[in-house]
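Asks: Output the structure for:
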Amino acid sequence: MKSGILGGTFDPIHNGHLAIAGEVRAQLNLDEILFVPTGQPWRKGGNSILPTEHRVEMVRLAITGKPYYRLSLIEVEREGPSYTLDTLTELSSQLTTGDKIYFIVGWDSLTDLPNWKSPERIIQLCWLVAVPRPGYPHPDLESLEARMQGLSERLVLLDRPDVDVSASEIRERVASGLPISGLVPEAVEQYIREHGLYSAK
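Replies: Purely as a prediction, here's the structure:
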């Protein structure tokens, strides 16, 4: 089993996330993509995010009917801050012989990886798959390798999809009364509208 892991706050999940999942799955011939909503993101401690139940339900709606996409509650059910290391350690403990984990990150996150908790252990637990992020330069692989020896042997660097949509843009559009059709799945758009999410107070 070859599994891709796509984590994030998903506040909200949008078509960019789905495009990334589809591209990675196709290019690496993965059996499944696990969507892992963050519980308490340690890098966003000062930022307000939607309650877990809304973010989880939007992911569930977005991937319904796609048998190769699965929702994992591994982080939202864990108490305390969410660390990638803990998630990968737990998932790795469930692997059988021949299974592989491909952890999907943006180019920006790859560049920041040396600042994560135990990055050297992270690259032992999985393959990293780095995808473009609008406005972020191509990662300096030589510099990263110098700080995390062995990274290049565990890295798949993709040059697509080049997705120009962000959750913050969607939240701002909703707050301003602007349409978000085409930016999120239709079921997610309806959920946001029905629950009054991101509307200006």
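
Asks: what are the ranges of the strands in the chain?
Replies: Under the criterion DSSP state E, the chain carries strands at the ranges 2-8, 32-37, 69-71, 100-106, 127-131, 155-157.

Asks: mind checking which of these is nearest residue 174?
Replies: Set against residue 174 and scored by C-beta to C-beta, these come closest in strand 2-8, at 18.1 Å. Using the backbone N, CA and C atoms, a C-beta is placed for each residue, glycine as well.

Asks: between the closest one and strand 127-131, how big is the angle?
Replies: Here strand 2-8 runs at 50 degrees with respect to strand 127-131, directions being taken by axes from the mean of the first three to the mean of the last three C-alpha atoms, to 10 degrees.

Asks: Direction included, what does strand 2-8 pair up with?
Replies: Listed by DSSP bridges, the sheet partners of strand 2-8 and their directions read strand 32-37 (parallel), strand 100-106 (parallel).

Asks: Tabulate the strands of the chain (CSV), appending mean pLDDT.
Replies: Compiled in CSV, the strands of the chain are given as follows (pLDDT from 0 to 100):
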stretch, mean pLDDT
strand 2-8, 96
strand 32-37, 97
strand 69-71, 97
strand 100-106, 97
strand 127-131, 97
strand 155-157, 96
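
Asks: of all those, which lies closest to residue 175?
Replies: strand 2-8 (20.2 Å).

Asks: And that closest one, how far out from the chain middle?
Replies: 7 Å (C-alpha atoms, centre = their mean, to the nearest Å).

Asks: sorry, back to before: mind checking which of the strands paired with strand 2-8 is nearest residue 65?
Replies: strand 32-37 (13.9 Å).

Asks: Contacts for that closest one next, please.
Replies: Applying C-beta atoms under 8 Å, 6 or more residues apart in numbering, the external contacts of strand 32-37 come out as 1, 3-10, 13, 17, 21, 24-25, 52, 55-56, 59, 63, 68-76, 87, 91.

Asks: now stretch 161-180
Replies: Stretch 161-180 is contacted by residues 9-12, 14-16, 19-20, 23, 131-132, 134, 183-184, 189, 192, 197-200 when judged by C-beta under 8 Å, 6+ apart.

Asks: Report the buried members of the residues you listed.
Replies: Among the contacts of stretch 161-180, those classed as buried by 16 or more other C-beta atoms under 10 Å are 9-12, 14-16, 19-20, 23, 131-132, 183-184, 189, 192, 197-198.
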